[in-house]
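J.: just the structure for this:
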Amino acid sequence: MRTKIFAHRGDKHDAPENTLIAFTKAVALGVDGIETDVHLTKDGHMVIIHDEDVDRTTDGQGLIKDLTLAQLKRLNANQTHPELGIQRILTLGEMVQALNDLHFTGDVNLEIKTDHIHYPGIEALVADFFATHAHSFNVIYSSFNLQSTQQMLKLAPQTETAGLMIYHYRAMKTLFKNRQIKIFHPEIRLLMVHPIFSFHHYFRPWTVNTKFEIAFCLYHRYVGLITDNPALALKMRNHIQGGK
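T.: Take a look at the predicted model:
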């Protein structure tokens, strides 16, 4: 089994995170998966962005929940790679269409960002969207909010829901024991301090960025890893685990 390489917010190393160009570059690299994040705007649109506010990743300010889609679309989501020009915040629909157009057939881990601000009804909106829209890829759900995790298990029982193991470790273990979740997404530093190699088939750690961290995951053949530098991880995988 080769470890699957997931691009964290797209190819964040070579493009502004969670933008069209970041996803395009990640697919071009040949990643197995993409990890990204969804929030809900003031007027009820699902948008792809990591933070609860736009301050860090755009030229604007304010919380996603207080801004309309039209307001968000006026912002430049490229604050890290000026040579790549203006990038706009994507809706969930725009991201899915872009990946369909790129014929991406890997995994997309959609993190429902409700751990700080809970957007009422976002779980149902996400589940309904994927139930009614064609997508060329496999969907995985995750959230740091245990209520969102449990909601997704009920709303989309046939879709993999991964356990993010920080705030609700014991509850996640119970869900795993009850066979409701199959995969854990632990932070890499926790695994390196407390390695549990016998469970390598159940771990897809984040955010695996240094050569040492990547090698650690590859040598122990975790089922996947989530990284800001997918090009490096893919190169190291070919060296450590061999090609296809």
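J.: now do the buried residues in the longest strand along the chain.
T.: For the chain, the longest strand by residue count, based on DSSP state E, is strand 33-40. By neighbour count with 16 or more other CB atoms under 10 Å, strand 33-40 contains the buried residues Gly33, Ile34, Glu35, Thr36, Asp37, Val38, His39, Leu40. For every residue, glycine as well, the C-beta is placed using N, CA and C.
J.: distance from the chain centre to it, please.
T.: 5 Å (CA atoms, centre = their mean, to the nearest Å).
J.: so what secondary structure elements neighbour it?
T.: Strand 33-40 sits against strand 4-8, helix 20-29, strand 46-48, helix 92-101, strand 107-112, helix 122-132, strand 224-227, with contacts defined as 3 or more CB pairs under 8 Å, 6 or more residues apart in numbering; DSSP states H and E.
J.: now that strand against helix 20-29, angle please.
T.: 160 degrees (axes from the mean of the first three to the mean of the last three CA atoms, to 10 degrees).
J.: pull up the pairing partners for strand 33-40, direction included.
T.: strand 4-8 (parallel), strand 46-48 (antiparallel), strand 107-112 (parallel) (DSSP bridges).
J.: so where's the protein shaky on pLDDT?
T.: 165-169, 195-200, 244 (pLDDT under 70).
J.: how about the helices in it?
T.: 20-29, 69-73, 92-101, 122-132, 146-155, 169-177, 188-193, 211-219, 230-240 (DSSP state H).
J.: name the residues linked to the spatially most central residue of the chain by a beta bridge.
T.: Residue closest to the average C-alpha location in the chain (CA atoms, centre = their mean): Glu35, at 2.2 Å. Under DSSP bridges, the beta-bridge partners of Glu35 are His8, Asn109.
J.: distance of it from Asn18?
T.: Separation of Glu35 from Asn18 (CB to CB, to the nearest Å) stands at 10 Å.
J.: same question for Tyr222.
T.: From Tyr222 to Asn18 the distance is 24 Å (CB to CB).
J.: for the residue nearest to the centre of the chain, which residues are in contact?
T.: Neighbouring residues of Glu35 by CB atoms under 8 Å, 6 or more residues apart in numbering: Phe6, Ala7, His8, Arg9, Val108, Asn109, Glu111, Trp206, Ile226.
J.: which of these sit farthest apart?
T.: Taking CB to CB as the measure, these span a maximum distance of 14.8 Å, between Val108 and Trp206.
J.: for Ile21, give me its contacts.
T.: Shown in contact with Ile21 (CB under 8 Å, 6+ apart): Gly10, Ala15, Leu84, Gln87.
J.: run the last query once more with 7 Å
T.: Ala15, Leu84, Gln87 (CB atoms under 7 Å, 6 or more residues apart in numbering).
J.: more neighbours: which of Tyr222 and Asn18?
T.: With neighbours defined as other CB atoms under 10 Å, Tyr222 and Asn18 compare such that Asn18 has more, 27 against 24.
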